[in-house]
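Participant: Build me a structure from this.
(one chain, ligands or ions: 1)
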Amino acid sequence: MINVIGLGYIGLPTALMFAAHGVEVVGTDCDAELVATLNAGRTTFKEEGLDELFGRAVAAGARFSTEYQECGTYIVSVPTPYDKATKRIDPSYVVDAVGSVLDVAPEGAVVVIESTVSPGAIDRYVRPALAGRGRGDVKLAHAPERIIPGDMVGELLRNNRTVGADDPETGELVKSLYASFCRGEIAVTDIRTAEMTKVVENTFRDVNIAFANELAKICRSDGMDVREIIRIANKHPRVGILSPGPGVGGHCISVDPWFLVGDYPELARLIRNARETNDSMPEFVLARASEIMRESGITDSSKVGIYGLAYKEDVDDVRESPTLQMLESMGRHLAGSPCKVYDPWVERDVVPNQVHSMEEFLEGLEMVVVMVGHSEVKGRPEAFGDRVLLDTRDVMGSGENVHKL
Ligand code: SAJ
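Facilitator: Got it, this is the predicted structure:
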């Protein structure tokens, strides 16, 4: 049996995947309400294929509890918040979860950390927790997740994985466990290398998105069409420029590069610059929106609405979302941000002036800033009537009323 600790965005689909592939699984979370929801037969967030996987897993015997279980293998998938001021992770959730595991873990148990941690964090924070309890018998491993919100279920099955472990035997054991569902290649290495590899992957993407965003700024400053330039440049066999946008959100790509900047401030200069470029995009959108308002003769900012609160298309996750960053800036620039905000994926109330239907949203608006290209509106500018659009994602096609970044 395995006990998956933490039933959030990563822990839940992972636990379900194990169960659906014949592994006996108990999922544990300290949030009693979340556990009750799962036990009542409902999932806790929207994700393609998750409900169907949930049904299969429960039919195969998956269970959910607030109690830690006595078993041979634990998979820890709890949040690793980071401190915005120091740019360092707060390892306390991981350390606390491992502490609770040790209360019940039998001799020789394997504890796999799936949560993303800064390179070196397992040695720095988790190992001392084991030593402090005299549990040198417990083996540690790190199997960082790689799945993309929007296609988590598919990527759990398809993606290659990394397993870092204390010794090759533990590595092979953890590899064989994941191989119960993972059809990708599973590389076995040491823990430090696995930690660094995960952070490097997300940093690579951040730096590449920053390049596209910087190009967007350069082109805007001199009247060039960045989309046309990227489209043609990408015909080159060794060029693959990503898409400029309103900024980088989510709890991964906008966070992980800071671990490297925090630990290597003198060396990680490109990485810091990229992060700052991406963080500057919500302000850039705001400046662009003001420009379009002026050009279109719109003077009242309450006639401008913001479509999209999630950090990207077709997900309900708002963590570090560019819209939230932009609203924070608007609070400073536009005296309290009177703009209405709507996101069909985000049903709970997250910000003031949030509305819950397109009809209510469009009422009285002259302009819409499209921050997320949800499928509902992608390629359909008519979804916003004849309003002036600022299409920050380049998903609304072209037209007289459609303005780009
Ligand atoms: N974005 C752009 N332009 C692009 C691509 C993305 O502006 O061309 C923006 C998105 O809109 C979003 C942000 O960047 O705001 C990040 O989105 P994403 O789709 O690139 O990635 P995430 O954060 O959803 O998931 C990433 C993935 N990492 C990599 O692709 C290297 C995923 O595989 C990881 O599992 C995940 O981080 C994680 O949890 O670490």
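Participant: Contact partners for the spatially closest residue to residue 376 that is not a sequence neighbour?
Facilitator: Leaving aside its sequence neighbours, residue 376 sits nearest to residue 344 (C-beta to C-beta, 6 or more residues apart in numbering; 5.5 Å). (Each C-beta comes from the backbone N, C-alpha and C, glycine too.) With C-beta atoms under 8 Å, 6 or more residues apart in numbering as the criterion, the residues that contact residue 344 are 358, 374, 376.
Participant: And the residues you listed, which is closest to the ligand?
Facilitator: Nearest to the ligand among the contacts of residue 344, counting by C-beta to the nearest ligand atom, is residue 374 at 11.5 Å.
Participant: and the closest one, what element?
Facilitator: In this structure, residue 374 is located outside every helix and strand according to DSSP states H and E.
Participant: try residue 259
Facilitator: Per DSSP H and E, the secondary structure element for residue 259 is helix 256-263.
Participant: Can you tell me what sits against the helix or strand of the chain with the lowest mean pLDDT?
Facilitator: One helix or strand of the chain scores below all others by mean pLDDT, DSSP states H and E: strand 82-83, with a mean of 80. Under the criterion C-beta under 8 Å, 6+ apart, residues 88, 89, 90, 255, 258, 259 lie in contact with strand 82-83.
Participant: Looks like the fifth one contacts residue 87 (just checking).
Facilitator: Put plainly, it is residue 258. Yes. Contact criterion C-beta atoms under 8 Å: residue 258 and residue 87 qualify, at 4.1 Å.
Participant: which residues of the stretch 51-200 of the chain fall in strands?
Facilitator: Using DSSP state E, counting those that start in this stretch, the strands of the stretch 51-200 of the chain run over 63-65, 73-76, 82-83, 88-89, 110-113, 139-142, 161-165, 186-189.
Participant: Which among the ones you listed is found nearest to the ligand?
Facilitator: Evaluated with C-beta to the nearest ligand atom, those place strand 161-165 nearest to the ligand, the distance being 10.7 Å.
Participant: chain center to stretch 50-59, what's the gap?
Facilitator: Stretch 50-59 has its C-alpha centroid displaced from the chain centroid by 22 Å (C-alpha atoms, centre = their mean, to the nearest Å).
Participant: now do stretch 6-16
Facilitator: The chain centroid and the centroid of stretch 6-16 are separated by 14 Å, computed with C-alpha atoms, centre = their mean.
Participant: what about that stretch, how long is it end to end?
Facilitator: Between the opening and closing residues of stretch 6-16 there is a gap of 12 Å (C-alpha to C-alpha, to the nearest Å).
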